[in-house]
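Chemist: Give the three-dimensional model of this entry:
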Amino acid sequence: MIAVAVLLQVAQMASGPAPTPDPDIIVSGKTTAEAKRILEACIADRCTPDKEIKASLVYATRQMLDGDYPAARQTLLNARHRNAAFDKTYPLQVSDLHRALTRLSTLDGWRDSARLSAVDATDALRAGLPSGDPTILSQRLFSASQLAREGRIIGATQIYNDVADKARQRGQYAVEAQALFDGAVLYATLASLDPVYRNSAQEWADRITHRTEPEFVEMRSGLSLLRTKLAALAAKPQDRAAIYSAAQPADGNAAILLDEPKLQVLPDDQQLAGGMAREGVPEWADVGFWVRPDGSVADLAVVRQSEARPGSWLGEKLKAVSGRRYAPLQGSVGARGLYRVERYSLVHVVQSTIGTHMPVRARIGEIDTMDMTPLYRS
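Modeler: Presented below is the predicted three-dimensional model:
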C-alpha cells in the first residue's frame, strides 16, 4: 500500500512532524484513470469537502508517481480553490491539502508557491483548532523545513527556536524535543557542507543532551548519530570510514543517513540537464539500492525513469549515492541489509526575470530526493 504520506514528504535534512493524512487515503489498487473517475464522481455528487480532498490527494498522488508533476500540482490547485474556505470545519483535511501542494509545488519548481502553501497549512489549523493545540506547532516545523530546503536558514532557525520556547512553556515536551532535534539536524547538515557551522551544530546538540524528560529519550539516541557525523567531519578523510563503522546502530530497521559525498557538478552546467527539464518536462529516476548492515551501499540500479531521458546529472547523483554511509543496522535485517528506492528529480526553479513578472526557469537545475520505498514494497 502507498500512503499519500509519500506525497507529503519533506526534505530529509529537517524532519519535523506534520499532521499526517487520513490513513485510509491510499492509492493501492487504483490506476490513475480510476482515481480520476472517483474524483470526478465525487465532485459531480457534491460530496463533502473532506471526501473530495481525499479523492484529490489520491489522484494527485497517482499523477505524481507517474511523473506528471505539473498535472498533479494543478489537481491540488483546483482542489484548494474548491475547498480552502472550509478550514474552520475541516482544518486537518484542508491543512493536508495545503501541505501536499507544498510538496508538489517544490517538485514542479514553484518555490514561492510552496512556501506560501506551507504557511496556509498552518493557518488552516489555526482556523479550526484550539490555539494551544500542539498540532499547530508541529505544522510550523513543517514550514521551517520548507525554508531550510530553500536555504533560508535564519527563517528556519527562528521558527525552531520559537516553537521550542512555546512548546516548553505549555509543557508540550515532545514538540519541543522535535523542534530542537530538527535544528540540530539542520546545522549538522550545514556543517557537512561548510565547517563554519560546526560550532552551531554542537550548540544545538547540547540543548538536547542534558534534558531528562521522557520525550527527549529518542532524541538523545538520535543525537549520538549526529555527534558521530560531526566527529567524522572533524577527522581526516581517511579516518572517517572507521568512525562511521563504529557509530551507534540505528534503532529498529530504519536507514539513517550519515554522509553523502558532494555532488560533482560538471564544468558545463548545461550538461546536467537532458534538455527537457528546463522546459518544465520532469526528468526523474527511481533508483534502488541495498543498505548493507555495516551502513555502506550496494547494488545501485535504476528501476524506472521518466520518458524525458535524464541528463548526465543522474550519473553524477548515482556516484554520490554509491558513496553514502548509513548508521550500522540492527534488528531483523537480512544479510543484504535494507532495500531502499528513492526518486531523484531535476528541478529548475521558476523565477521572475529582471524588470518583468514573466516566470522563467533557472538555467541550473537542483536535485530533489523522495523516498519511494513503500511503493516498491507493496
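Chemist: going forward, measure contacts and count neighbours with C-alpha atoms only.
Modeler: OK.
Chemist: how about the helices in the stretch 201-350 of the chain?
Modeler: 217-234, 240-245, 313-322 (DSSP state H, counting those that start in this stretch).
Chemist: With mean neighbour count added, can I get those helices in a markdown table?
Modeler: Written out in a markdown table, the entries for those read as follows (neighbours: other C-alpha atoms under 10 Å):
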| stretch | mean neighbour count |
| --- | --- |
| helix 217-234 | 19 |
| helix 240-245 | 16 |
| helix 313-322 | 18 |
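Chemist: May I see these arranged in JSON lines, with distance to Ala71 and mean pLDDT as well?
Modeler: Compiled in JSON lines, those are given as follows (distance: least, C-alpha to C-alpha, whole Å; pLDDT from 0 to 100):
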{"stretch": "helix 217-234", "distance to Ala71": "38", "mean pLDDT": "82"}
{"stretch": "helix 240-245", "distance to Ala71": "42", "mean pLDDT": "84"}
{"stretch": "helix 313-322", "distance to Ala71": "23", "mean pLDDT": "94"}
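Chemist: Give me the distance from the one helix or strand Ser113 maps to to the chain's centre.
Modeler: Using DSSP states H and E, Ser113 sits within helix 111-128. Helix 111-128 has its average C-alpha position 16 Å from the chain's average C-alpha position, going by C-alpha atoms, centre = their mean, to the nearest Å.
Chemist: Does whichever helix or strand comes after that helix pack against any helices or strands, and if so which?
Modeler: Scanning the chain past helix 111-128 towards its C-terminal end, the next helix or strand to appear is helix 134-149 (assignment: DSSP H and E). Using 3 or more C-alpha pairs under 8 Å, 6 or more residues apart in numbering; DSSP states H and E as the contact criterion, the secondary-structure elements in contact with helix 134-149 are helix 111-128, helix 153-170, helix 173-193.
Chemist: Now with 6 Å, please.
Modeler: Here helix 134-149 touches helix 153-170, going by 3 or more C-alpha pairs under 6 Å, 6 or more residues apart in numbering; DSSP states H and E.
Chemist: other SSEs contacting the helix it packs on?
Modeler: For helix 153-170, the helices and strands in contact under the criterion 3+ C-alpha pairs under 6 Å, 6+ apart are helix 134-149, helix 173-193.
Chemist: Hey, what's the angle from it to helix 134-149? Just curious.
Modeler: Calculated by axes from the mean of the first three to the mean of the last three C-alpha atoms, to 10 degrees, helix 153-170 forms an angle of 160 degrees with helix 134-149.
Chemist: Need the contact partners of the helix or strand hosting Leu97.
Modeler: Counting by DSSP H and E, the element that carries Leu97 is helix 91-107. Contacts of helix 91-107 with the rest of the structure, by C-alpha atoms under 6 Å, 6 or more residues apart in numbering, involve 8, 50, 73, 87, 114, 117-118, 121, 124-125, 128.
Chemist: For this structure, give me the ranges with low pLDDT.
Modeler: 1-29, 251-252, 264-280, 332, 353-357, 377-378 (pLDDT under 70).
Chemist: Distance check, the closest residue to Ser143 other than its chain neighbours against Pro134.
Modeler: Taking C-alpha to C-alpha, 6 or more residues apart in numbering, and ignoring the residues beside it in sequence, Ser143 has Ala118 as its nearest neighbour in space, at 5.2 Å. From Ala118 across to Pro134, the span is 17 Å (C-alpha to C-alpha, to the nearest Å).
Chemist: neighbour count winner among the two?
Modeler: Between Ala118 and Pro134, counting by other C-alpha atoms under 10 Å, Ala118 is the more crowded of the two (27 against 20).
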